[in-house]
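> 3D, please:
(chains A and B)
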Amino acid sequence: AAGVIQSPRHLIKEKRETATLKCYPIPRHDTVYWYQQGPGQDPQFLISFYEKMQSDKGSIPDRFSAQQFSDYHSELNMSSLELGDSALYFCASSFWSGESTDTQYFGPGTRLTVL
Amino acid sequence: QKEVEQDPGPLSVPEGAIVSLNCTYSNSAFQYFMWYRQYSRKGPELLMYTYSSGNKEDGRFTAQVDKSSKYISLFIRDSQPSDSATYLCAMSEGYQKVTFGTGTKLQVIP
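Numbers count the residues shown, from 1 in each chain, chains lettered A, B, ... in the order given. You can find the predicted model right below:
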């Protein structure tokens, strides 16, 4: 079965640089979520989109922005990178039926290292 | 205090043992309860998904939800070395972000 696709899988950047992470949800899924997982930490919710509109916002820094496109893929843009941004970034997708949402399925993650 | 509390372990058991993993939570609006398994450097993999209170069984895995006590459990029967991973409980109100526990690191010793 098709799963959530994330690219790139690994990314190395230097401080103050910009990074763009991409997420391709499971076909027919209309909701995308972004999470950040630091070493030894549980995933922390950043932001979510439903039908290309932001649906919820968590602990996302102002230096980060994200959007969902017409084909439902999503991009997380990270500017002025800091050492503390080094983490695993997960995208998850789900389907909203109008009454409830199916559970979230996670992608393999993008490991970002900021030097 | 975190919304979801989970003992981080590590939990070490012999092969074949029954494993019990637990989480407590404080948000009474949570309706969806999940257990994810995460291997090192991999994305969380959905194991069990339960709506509201009750039990759900899938092979060697049983999930229990007690909303009155705000307590959920995952039982693994006949544990195998391949079950060694971090197990994350997760919850949501239904249409919003998932809130995770800190994860319990499980090691099954052959």
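> What sits closest to B:Phe75 if chain neighbours are left out?
Nearest residue to B:Phe75, sequence neighbours excluded (Cβ to Cβ, 6 or more residues apart in numbering or on different chains): B:Thr62, at 4.4 Å. C-betas here are computed from N, CA, C, even on glycine.
> residues near the one you found, how many?
If you count neighbours by other Cβ atoms under 10 Å in any protein chain shown, B:Thr62 ends up with 17.
> which residues does it bridge with?
Under DSSP bridges, the beta-bridge partners of B:Thr62 are B:Glu57, B:Phe75.
> which residues sit in contact with it?
Contact partners of B:Thr62, counting by Cβ atoms under 8 Å, 6 or more residues apart in numbering or on different chains, are B:55-56, B:74-75, B:77.
> Give me the contact list for stretch A:15-22.
By Cβ under 8 Å, 6+ apart, the surrounding residues in contact with stretch A:15-22 are A:6-8, A:11, A:13, A:73-83, A:89, A:91, A:110, A:112, A:114-115.
> Quick one: name the residues of chain B near chain A.
With the criterion set to Cβ under 8 Å from any Cβ of the partner chain, chain B comes near chain A through B:32, B:34, B:36, B:41-46, B:49, B:88, B:92, B:94-103.
> still on that earlier bit, of the contacts of B:Thr62 - the most surrounded one?
Within the contacts of B:Thr62, B:Leu74 tops the neighbour count with 23 neighbours, counted by other Cβ under 10 Å.
> Among the residues of chain B next to chain A, name the buried ones.
Applying 16 or more other Cβ atoms under 10 Å in any protein chain shown to these, the neighbour count classes B:32, B:34, B:36, B:43-45, B:49, B:88, B:92, B:95-103 as buried.
> and chain A, which of its residues are near chain B?
So chain A meets chain B at A:4, A:33, A:41-43, A:45, A:48, A:55-56, A:58, A:88, A:90, A:92, A:96, A:100-101, A:103-109, A:111 (Cβ under 8 Å from any Cβ).
> Flag the shaky bits of chain A, pLDDT-wise.
In the predicted model of chain A, residues A:1, A:97-102 satisfy pLDDT under 70.
> for the contacts of B:Thr62, which one is nearest B:Gln6?
B:Leu74 (10.5 Å; Cβ to Cβ).
> Next one, pLDDT for the closest one please.
Per-residue confidence at B:Leu74 stands at 96 (pLDDT).
> right, and it touches B:Asp58 too?
No: counting by Cβ atoms under 8 Å, B:Leu74 does not reach B:Asp58; the two are 10.6 Å apart.
> Quick check: A:Gly84 is in a helix.
Yes: looking at A:Gly84 with DSSP: H, G, I helix; E, B strand; the rest coil, it is inside a helix.
> got the contact list for the helix or strand of chain B with the lowest mean pLDDT?
Ranked by mean pLDDT, DSSP states H and E, the weakest helix or strand in chain B is strand B:45-51, scoring a mean of 87. Strand B:45-51 is contacted by residues A:103-106, B:31-39, B:56, B:58, B:61, B:63, B:65, B:72, B:74, B:87 when judged by Cβ under 8 Å, 6+ apart.
> So which of the contacts of stretch A:15-22 are in helices?
Using DSSP state H, the subset of the contacts of stretch A:15-22 located in helices is empty.
> In ChimeraX, how would I select the buried members of these?
Burial among those is assessed by 16+ other Cβ under 10 Å; the matching ChimeraX selection reads:
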select /A:6,11,13,73,74,75,76,78,81,89,91,110,112,114
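> Whichever of the contacts of strand B:45-51 end up buried, select them in ChimeraX.
In ChimeraX, a selection of the buried entries from the contacts of strand B:45-51 looks like this (16+ other Cβ under 10 Å):
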select /A:103,104,105,106 /B:31,32,33,34,35,36,37,38,61,63,65,72,74,87
